[in-house]
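> Quick one: sequence plus predicted model below, questions after.
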Amino acid sequence: MQANANRQYPFLIKAPLILIGLYLFFYFLFLLKEILVPFAFAGLIAILLNPLCNRLERARIPKVWAISLSLLIAALLLAGLLYFLSSQISQFGELVPTLKTRSQELMGELQQWVALKLGISMQKQTDMLHKLTDNGQQYLGQTLGSIFGVLGVFFLLPVYTFLLLLYKNQLVNFIYESFGSEHKDHVQDVLQSTKGAIQSYIAGLLIETAIIAVLNSVALLILGVKYAILLGTIGAILNLIPYIGGLIAIALPVMIATVTNDNFTTPLLIVGVYLLIQFIDNHLIVPKVVASKVSINALISIVVVLMGGALWGVSGMFLSIPFVAILKIIFDHIDGLKPWGKLLGDNNPGNLVRSNHKKE
C-alpha cells in the first residue's frame, strides 16, 4: 500500500490527465458563468467593503445594518457615476445625425482614393465592406450580449455581496477546518495576504480610474474635442481592461475627432496625448497609486485577459487579473507550487541573471 501511495507516474500519463482535468474545469466554468460571474464580482466587492463593515460594527451598529449601510454607500456612488454618464450620453445623441453624414462623406472620399491609388474598383470595395459589416454586426451582437450579461449581474450583486459579508465568519471557519488545525497559521497567512492584496488592488484601480478620467478629459478639452468629458470618462473605465481597453479608449476620441474635423491634426494629437497619458499611468500612477502587493508579468496578463474574454466575455476580462493575483499568492505560500508563482510574477530576468553571476 505504501509503495503504491509513493509511486510516481510517468509524464506521458500525468500530462494527458492534467489536460483533461483542465478542460473539464474550464468547461464547467463556462457552463456555470451565469451563476459564477455575479458571485465572483460579489466576492471582490465584499472584500473591498469588509473594512467599512468592520468599522461600523466596532461603532456598535448591528451587523445586518452595518452591511446594509455599506451597500447603500456603494450604491449611491455607483448611481452618481451612472447619472453623470447618462446625462453626457443624452447630449451625445444630438451629434449622431452629423456623425452619420460626415462619416458617409469620409467613406466616399476614402473609396475614391483607394480606387485611384490601389486600383480596387468601387464595386469590389462595396462587397468587401458588406462582408466586413456582416462580421461586425455579428461581433457587435456578441459584445452587446456580454454587456447585457454584465448588466444582469447587477441585480444579483447586492444579494450575493450581502450574504457573503453576513456569513464571512462561517466561510473562513470552513476554510480553516478543511485544512486542519496544524495548518491554521499557514492558511491564515494566505487569507490575510489575499485580502490585503485584493483590497489594495481594487481601491488603487478606482483611484487610478478617477485620475485617468481627469487627465483624458482635460486633454480632450484642450484639443477641442466634442463631448470630451464623456469620452475621457469612458476611456478611463475601458482602461480597467488591460492592454485591449487602452486601444479602444484611444480609438473612440480619434473617430469622433476625425468625423467632426476637416483635418487630421487633431486625431494625431489625440493619439500622442493618450500615449503620453498611458506612459504616465504605467510608470507613475500604477506604481504609486495602485501599489498592488502582487505583480503579474505582461505576458501572463495578456494571455489571461484574452482567456477571460473567451470564457466569460467582458466580465472575464475585468475579473482575470484579480483572480490570477489570488492564484499567485496561493502558489507563493505552497512549496510545491512556488515555481508557478515565479512564472506568474513580474521579476526582471536581467536582475536574475546579474544575481546569478554575483553568486558565482
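Perfect, thanks for sending it.
> any weak-confidence spans in the protein?
For the chain, applying pLDDT under 70 flags the ranges 1-9, 11, 88, 90-111, 113-154, 242-244, 261-263, 287-295, 347-360.
> which residue is nearest the middle of it?
In the chain, the C-alpha nearest the mean C-alpha coordinate belongs to Phe318, at 2.6 Å (CA atoms, centre = their mean).
> so that one makes contact with Ile241?
Yes: Phe318 sits in contact with Ile241 when judged by CB atoms under 8 Å, with a separation of 6.6 Å. Placement of C-beta: from N, CA and C, glycine included.
> Could you measure from Ala197 over to Val225?
37 Å (CB to CB, to the nearest Å).
> Comparing the two, which residue is more hemmed in?
Neighbour count, other CB atoms under 10 Å: between Ala197 and Val225, Val225 has more, with 22 against 19.
> quick one: contacts for the more buried one?
Applying CB atoms under 8 Å, 6 or more residues apart in numbering to Val225 gives the contacts 231, 253, 256-257, 260, 266, 270.
> So it, which state does it fall into?
Three-state call for Val225 (DSSP: H, G, I helix; E, B strand; the rest coil): coil.
> cool, and Arg60?
coil.
> Pull up the gap between Trp340 and Val304, please.
From Trp340 to Val304 the distance is 13 Å (CB to CB).
> chain center to the helix or strand where Met317 lies, what's the gap?
Counting by DSSP states H and E, the element that carries Met317 is helix 298-332. Here helix 298-332 is found 8 Å from its chain centre; the criterion is CA atoms, centre = their mean, to the nearest Å.
> Could you do stretch 155-175 as well?
Stretch 155-175 sits 23 Å away from the centroid of its parent chain (CA atoms, centre = their mean).
> For that stretch, list every residue counted as buried.
Within stretch 155-175, the residues scored as buried using 16 or more other CB atoms under 10 Å are 156-158, 160-162, 164-165, 168.
> Stretch 316-332 now?
The neighbour-count check on stretch 316-332 (16+ other CB under 10 Å) flags 316-329, 331-332 as buried.
> following the helix holding Met317, which helix or strand shows up next?
Heading C-terminal from helix 298-332, the first helix or strand you meet, by DSSP H and E, is helix 338-344.
> What are the buried residues along that next one?
Result for helix 338-344 [16+ other CB under 10 Å]: buried residues 341, 344.
> contacts for it?
Contact partners of helix 338-344, identified using CB under 8 Å, 6+ apart, comprise 296-297, 300, 324, 327-328, 331-332.
> Distance from the chain centre to it, please.
Offset of helix 338-344 from its chain centre (CA atoms, centre = their mean): 22 Å.
> ranges for the helices of the stretch 151-300 of the chain?
Assigned by DSSP state H, counting those that start in this stretch, the stretch 151-300 of the chain shows helices spanning 168-179, 184-223, 228-238, 244-260, 265-280, 298-332.
> I'd like to know which elements the shortest one is packed against.
Using 3 or more CB pairs under 8 Å, 6 or more residues apart in numbering; DSSP states H and E as the contact definition, the elements that helix 228-238 packs against are helix 63-92, helix 184-223, helix 244-260.
> Out of these, flag the one nearest Ile45.
Smallest distance to Ile45 across the helices and strands packed on helix 228-238 (CB to CB): 7.1 Å, for helix 63-92.
> what packs against the closest one?
helix 33-58, helix 122-166, helix 228-238.
> again, only this time at 10 Å
In terms of contacts (3 or more CB pairs under 10 Å, 6 or more residues apart in numbering; DSSP states H and E), helix 63-92 is packed against helix 33-58, helix 122-166, helix 168-179, helix 228-238.
> Would you mark the buried spots in it?
66-68, 70-71, 74, 88.
> cool, and stretch 245-265?
For stretch 245-265, the neighbour count (16+ other CB under 10 Å) marks 245-246, 249-250, 252-254, 256-261 as buried.
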